[in-house]
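Asks: below is the structure, and that's it, no one-letter string:
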């Protein structure tokens, strides 16, 4: 009980114990019908004072024991009424839906029969809800009535059998003031899944406190969710199983389209949800690609629905239309590179203002030209992106040093910056494999930017910080730079904390893997030539930062590392488990997002390989970063302490709490 109180809290434990022990807190709603049928389910203790027994039981004492009542030949039958809410869909109006019987519900008690030791069940109730179907409503609520024995006990679950030939989305079931069951799940037709679908009440139970009537159902539900690890998973299933990342490449297209299998000893990685697609033709270890007309399997309840799906479709359309014209232009000109900064700015929306009207042009002709110009501009603007705030109305602002320092803390990737603890910075790469990796940074490179302090004093006063992407990129640079239209360096950036509280880059080291002679250091410019060299160096820093953010911090440490936790949660924790109830809102739809990423983001020829400098080495960078991943170092304040970017007073306060 002490462990339960620690997990659930005292209030929830008291409520849980009260719910298990009985319904003593329920209002007095029960009445006996002439046919000896009660409108709502009471407990036996409540029946003592509520039942007005007919002859010959009227001569019995007013507080007749319920077990004696149950053994009497004139047994009492109870009727309990509830409501079922079903989400409407277009498929409900298909003719094939009307040719079937309906949906069968059955209440499950938290108790078991004392003689047979089997779970107590109500009579099955069939609902032909299409006869009451309301066209135009998002969902419909229907009333169902169950007949139960007087010793039924407390309802702890409901079983559902779908007799129709289409899946149905069940939102919930409730008995007012007695039981609430939140379903929010698809129920498949009986001909596809013959097993009854079970939905448990909203009460939380640890395994050791699960009511006797629900224990076997709890185990059976987990068994179905785990599956058997065989066969191709179908869209309608709810199986959570594991697999390695053997679906990122496409060996059937050629050797250059093969990618390492992530999740092996050579390439460690978190596991993914198993789909069971057949192997590719040329490499049996790799899974075949998704059929163009199909989609990657995820458990049915993880698929986007409703507003989430609509929002995704809208963003897909925007992405397609915005990339259409640049794609066509690239195909025609055979060049997709930006030649100058102004080319980058052309991808953003801009306002067109026509201030002057030529004097020698006729008014009607000028009006026609203006209208045609507006139409052309509106069409062009539709295919462009919204202008980022950092460059909107301030030309060149994104190129300033202060902006690079600001984005290291407040940009899309605030997880790479660390406080500098040793100068020059050291590499953790194995010198026997990659050779000496001594930094080319010297004290003379940064001493003039430290406001009169020495390097050691600046480190001691916590004024120096670093963006270090050296070890992430060095092992893969030779392969990356062989790729067409790719050129990358591994960068180290030293930043100084100014008296104004801003971070300013004061030195950038660009490295290639050939050795110390291949390293060069650039510092803030003194003339026009060094100005553009400095800008190029910062561009390489941003390129490194974008790759690490997308591959390591975003994909690996957020999405990929979360996926095995999601699978394990559904395989090992019942929906009644209090920990599952805490985690469920945070796990929803993540498997669907990850499946889409494997189709178009991190796969061979995907967005990251096409537009980020690592190219086809992206998967190897992900695996190399995972070798250093530690679960206990990802959350706050551990992550801040590891990178030395914390206030000691804040850490002490957190630890005290």
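Replies: That came through, no problem. This is a predicted model, so every value here is computed, not measured.

Asks: low pLDDT regions in the stretch 51-200 of the chain?
Replies: The stretch 51-200 of the chain contains residues with pLDDT under 70 at 51-75, 90-100, 130-136.

Asks: now the helices for it?
Replies: Assigned by DSSP state H, counting those that start in this stretch, the stretch 51-200 of the chain shows helices spanning 66-71, 95-98.

Asks: and the stretch 501-650 of the chain, by the same measure?
Replies: So, for the stretch 501-650 of the chain - with DSSP H, counting those that start in this stretch - the helices run 528-548, 563-572, 578-587, 590-600, 607-611, 618-626, 638-642, 648-656.

Asks: could you dump the ones you listed to JSON lines with distance to residue 505, mean neighbour count and mean pLDDT?
Replies: Quick note: C-beta positions are derived from backbone N, CA and C, even for glycine. Below are the helices of the stretch 501-650 of the chain laid out as JSON lines (distance: least, C-beta to C-beta, whole Å; neighbours: other C-beta atoms under 10 Å; pLDDT from 0 to 100):
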{"stretch": "helix 528-548", "distance to residue 505": "7", "mean neighbour count": "17", "mean pLDDT": "91"}
{"stretch": "helix 563-572", "distance to residue 505": "36", "mean neighbour count": "18", "mean pLDDT": "96"}
{"stretch": "helix 578-587", "distance to residue 505": "36", "mean neighbour count": "14", "mean pLDDT": "93"}
{"stretch": "helix 590-600", "distance to residue 505": "32", "mean neighbour count": "19", "mean pLDDT": "93"}
{"stretch": "helix 607-611", "distance to residue 505": "25", "mean neighbour count": "16", "mean pLDDT": "90"}
{"stretch": "helix 618-626", "distance to residue 505": "24", "mean neighbour count": "21", "mean pLDDT": "95"}
{"stretch": "helix 638-642", "distance to residue 505": "21", "mean neighbour count": "14", "mean pLDDT": "90"}
{"stretch": "helix 648-656", "distance to residue 505": "26", "mean neighbour count": "10", "mean pLDDT": "48"}
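
Asks: so for residue 163, which of those sits nearest?
Replies: helix 563-572 (26.8 Å; C-beta to C-beta).

Asks: span of stretch 126-145 from start to end?
Replies: 10 Å (C-alpha to C-alpha, to the nearest Å).

Asks: kindly report the same for stretch 554-573.
Replies: 27 Å.

Asks: over to stretch 465-474?
Replies: First residue to last in stretch 465-474 (C-alpha to C-alpha) measures 21 Å.

Asks: give the rounded mean pLDDT of it.
Replies: The average pLDDT within stretch 465-474 is 96.

Asks: dump the helices of the stretch 501-650 of the chain to CSV, plus distance to residue 283.
Replies: What follows is the helices of the stretch 501-650 of the chain, written out as CSV (distance: least, C-beta to C-beta, whole Å):
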stretch, distance to residue 283
helix 528-548, 27
helix 563-572, 23
helix 578-587, 32
helix 590-600, 17
helix 607-611, 19
helix 618-626, 15
helix 638-642, 38
helix 648-656, 49
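
Asks: mind checking which of the ones you listed is nearest residue 461?
Replies: Closest among the helices of the stretch 501-650 of the chain, using C-beta to C-beta: helix 648-656, at 13.9 Å.

Asks: where are the low-confidence patches of the stretch 301-450 of the chain?
Replies: Counting by pLDDT under 70, the ranges of the stretch 301-450 of the chain that qualify are 318-342, 345, 349-373, 376-383, 390-398.

Asks: helices along that one, start to end?
Replies: 306-333, 341-345, 363-382, 401-410, 431-434, 443-446.

Asks: show me the protein divided up by domain.
Replies: 76-212, 397-539 (the TED database).

Asks: against residue 490, how distant is the residue lying closest to residue 419 once chain neighbours are set aside?
Replies: Spatial nearest neighbour of residue 419, chain neighbours left out: residue 644 (3.6 Å); criterion: C-beta to C-beta, 6 or more residues apart in numbering. Residue 644 is 22 Å from residue 490, where distance means C-beta to C-beta, to the nearest Å.

Asks: same question, residue 592
Replies: Taking C-beta to C-beta, one finds residue 592 at 35 Å from residue 490.

Asks: and the helices of the stretch 501-650 of the chain: which comes nearest residue 410?
Replies: helix 528-548 (13.2 Å).

Asks: by contact count, what packs against the closest one?
Replies: helix 401-410, strand 464-468, helix 470-473, strand 490-497, strand 503-511, strand 520-522 (3 or more C-beta pairs under 8 Å, 6 or more residues apart in numbering; DSSP states H and E).

Asks: report the buried residues of the last one.
Replies: So that's strand 520-522. 521-522 (16 or more other C-beta atoms under 10 Å).

Asks: which residues does the spatially most central residue of the chain contact?
Replies: Note on the chain: the residue nearest the mean C-alpha position is residue 590, at 2.6 Å, using C-alpha atoms, centre = their mean. By C-beta atoms under 8 Å, 6 or more residues apart in numbering, the contact set of residue 590 is 302, 559, 562-563, 566.

Asks: on that earlier part again, could the helices and strands packed on helix 528-548 be laid out in JSON lines, adding distance to residue 419?
Replies: Output for the helices and strands packed on helix 528-548, formatted as JSON lines (distance: least, C-beta to C-beta, whole Å):
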{"stretch": "helix 401-410", "distance to residue 419": "12"}
{"stretch": "strand 464-468", "distance to residue 419": "5"}
{"stretch": "helix 470-473", "distance to residue 419": "17"}
{"stretch": "strand 490-497", "distance to residue 419": "9"}
{"stretch": "strand 503-511", "distance to residue 419": "11"}
{"stretch": "strand 520-522", "distance to residue 419": "20"}
